[in-house]
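> everything below, folded, please.
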Amino acid sequence: MSTHDRALPGDPDEPAAPSGPTADRRDDPPPADLVVDLGAHEMLRRAHVLDALGPDWDPVAALRGEEAAYGLLYSGLSAEQQRVYDDLVAAGVLPRRGDGHAAA
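This is a model prediction of the structure:
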């Protein structure tokens, strides 16, 4: 067989060899289903959080403290701040909190 009888790379009469990401994977097995149950890990994470909070943690008191902090945050606003706040409340971005006056 002479060199003239062999197909050269890029020869239009020669079918192109597969290329790209799947060309090397012809013999790879099909992908396997992978199922991970994170339920046990989530329960362990929650147990660690509660342990870190300690036995004296009171969730009701924590929520009341948050509400009081939000009340202070949105109190004593200047006229411009109050206008922006009212615009954000009207747009549904912020909930209505406080009465706009400084806390005593």
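> need the three-state assignment for Arg64.
helix (DSSP: H, G, I helix; E, B strand; the rest coil).
> look up how far Leu73 lies from it.
Here Arg64 is placed at a distance of 15 Å from Leu73 (CB to CB, to the nearest Å). For the C-beta atoms, the positions are set from N, CA and C on the backbone; glycine is no exception.
> same thing with Arg97?
On the measure of CB to CB, Arg97 and Leu73 end up 8 Å apart.
> ditto for Gly54
Distance of Gly54 to Leu73, computed by CB to CB: 26 Å.
> okay, the two: which has more neighbours?
With neighbours defined as other CB atoms under 10 Å, Gly54 and Leu73 compare such that Leu73 has more, 11 against 7.
> which element follows the helix or strand containing Gly71 toward the C-terminus?
Assigned by DSSP states H and E, Gly71 belongs to helix 59-73. Later in the chain than helix 59-73, the nearest helix or strand by DSSP H and E is helix 79-90.
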